[in-house]
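Colleague: Need coordinates for the following:
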Amino acid sequence: MTQALQQAGIAYREGEPLSRHTTMGVGGAAAVMAFPRSPEELRATLEIRADLQAPHRVLGGGSNLVVADEGLDELVVNTESMRAVTIGEDGRVTAEGGANLIRTVLQTTRAGWRGLESAVGIPGSIGGAAVMNAGAYGFSISDVMTEITVYDEDGQRTEPPEGWRFRYRGSSIPEGAAVASLTAQLERGDTEDLAEETRAIGNRRRATQPGGRNAGCVFKNPPEGHAGRTIDALGLKGRRRGKAVVSPRHANFVVNEGGATAADVLGLIEEVRERVRAATGVELELEVKVWGPRS
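Modeller: So this is what the prediction gives:
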């Protein structure tokens, strides 16, 4: 694998700790981590993977992810170097899959384009946001998406006949596929109004959500109710395991206070899930992704 990546001119590292590339800050090493710098290099990386039949995962901003302490004996394709964003005069915005979502929001609003401002506080990459259909305050990124380029695990551009389907915090884009780019159609807005709106949304997030190392909301909201309120009602704020703690600010967040292991984080998540199940009969569904060794 490393020889093939080197011959293709694609940057890589061996034994790269995944804790360095996730917002939760836990997880063991990837056997090999590749860093394609463009959609073309992304495609080439996946083609190399297919030729060698190597197991792999695709990593965006690592903001919605917990990686097991054992790490992964796999190729991890990290899109963080694919960050180009272009804004057309008609409000058509195209961002590569690794572009930072928050920076893209600020770039578009400062240019006077409306449509992404509700996502200003959501960490992670454009590609990850598409796969998870990220959003907040009634907004989802699929609301403004007009085109998306996805490569399958073999590096071939792919799209089902019915098109990609997006749902609450999810999509039909399969694991192992990679978002090369996303295009959104925005509307003209006043830059001062947009600046004020993004400031207000940012302040609201900071007031209600924890800082520090976390992976965002742990659980999806159940069909009726809110996961955070349910967990809070059971008195689980501040519950801890090792250096992982249920945030005292927002009960649907688990925070790494520094030095937490993935075992700490995952053990605490499962404890919360079991407590909610026992008390209410509600089966909370994970919003975060968990990567561990394949069986």
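Colleague: Every contact and neighbour count from this point should use C-alpha atoms.
Modeller: Fine.
Colleague: Which secondary structure element of this protein has the lowest mean pLDDT?
Modeller: Among the helices and strands of the chain, strand 135-136 carries the lowest confidence by mean pLDDT, DSSP states H and E, at a mean of 88.
Colleague: so what strands line up beside it?
Modeller: Taking DSSP bridges as the criterion, strand 135-136 forms sheet pairs with strand 139-140 (antiparallel).
Colleague: From the rest of the structure, what touches the partner strand?
Modeller: Applying Cα atoms under 8 Å, 6 or more residues apart in numbering, the set of residues contacting strand 139-140 from outside is 118-119, 133-134.
Colleague: Could you work out the most separated pair of these?
Modeller: S118 and N133 (13.2 Å; Cα to Cα).
Colleague: just the contacts of strand 139-140 now: which is nearest P39?
Modeller: For P39, the nearest member of those is N133. The distance, counting by Cα to Cα, is 20.6 Å.
Colleague: contacting residues for V120?
Modeller: Contacts of V120 by Cα under 8 Å, 6+ apart are 101-102, 105-106, 198, 201-202.
Colleague: same thing with V26?
Modeller: 18-20, 66-69, 260-262.
Colleague: Pull up the gap between V290 and L46, please.
Modeller: When distance is defined by Cα to Cα, to the nearest Å, V290 is 22 Å away from L46.
Colleague: A227 now?
Modeller: The value you get for A227 to L46, if Cα to Cα is used, is 37 Å.
Colleague: Which of the contacts of V120 fall within helices?
Modeller: Of the contacts of V120, the ones assigned to helices by DSSP state H are 101-102, 105-106, 198, 201-202.
Colleague: The helix or strand containing V32 pairs with which strands, and in what direction?
Modeller: In this assignment (DSSP states H and E), V32 forms part of strand 29-35. Strand 29-35 sits in its sheet next to strand 11-17 (antiparallel), strand 72-78 (parallel), going by DSSP bridges.
Colleague: now P293, nearest residue through space, not along the chain?
Modeller: Once its chain neighbours are removed from consideration, P293 has its nearest residue in L72; the separation is 5.7 Å (Cα to Cα, 6 or more residues apart in numbering).
Colleague: Could the C-alpha coordinates of stretch 83-101 be exported in PDB?
Modeller: As requested, C-alpha coordinates have been extracted for stretch 83-101 and formatted as PDB (Å, rounded to 0.1, in the frame of the first residue of the first chain):
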ATOM      1  CA  ARG A  83     -10.400  22.000   1.100                       C
ATOM      2  CA  ALA A  84     -11.000  24.200  -2.000                       C
ATOM      3  CA  VAL A  85     -14.100  26.300  -2.000                       C
ATOM      4  CA  THR A  86     -15.400  28.400  -5.000                       C
ATOM      5  CA  ILE A  87     -18.200  30.900  -4.900                       C
ATOM      6  CA  GLY A  88     -19.900  31.900  -8.200                       C
ATOM      7  CA  GLU A  89     -21.400  35.200  -8.900                       C
ATOM      8  CA  ASP A  90     -24.800  33.500  -9.000                       C
ATOM      9  CA  GLY A  91     -24.500  32.100  -5.500                       C
ATOM     10  CA  ARG A  92     -23.500  28.700  -6.600                       C
ATOM     11  CA  VAL A  93     -21.000  27.300  -4.100                       C
ATOM     12  CA  THR A  94     -18.800  24.300  -4.700                       C
ATOM     13  CA  ALA A  95     -16.700  22.900  -1.900                       C
ATOM     14  CA  GLU A  96     -14.400  19.900  -1.900                       C
ATOM     15  CA  GLY A  97     -15.200  17.100   0.500                       C
ATOM     16  CA  GLY A  98     -12.600  18.000   3.100                       C
ATOM     17  CA  ALA A  99     -13.400  21.700   3.300                       C
ATOM     18  CA  ASN A 100     -14.200  22.800   6.900                       C
ATOM     19  CA  LEU A 101     -17.900  23.400   7.300                       C
END
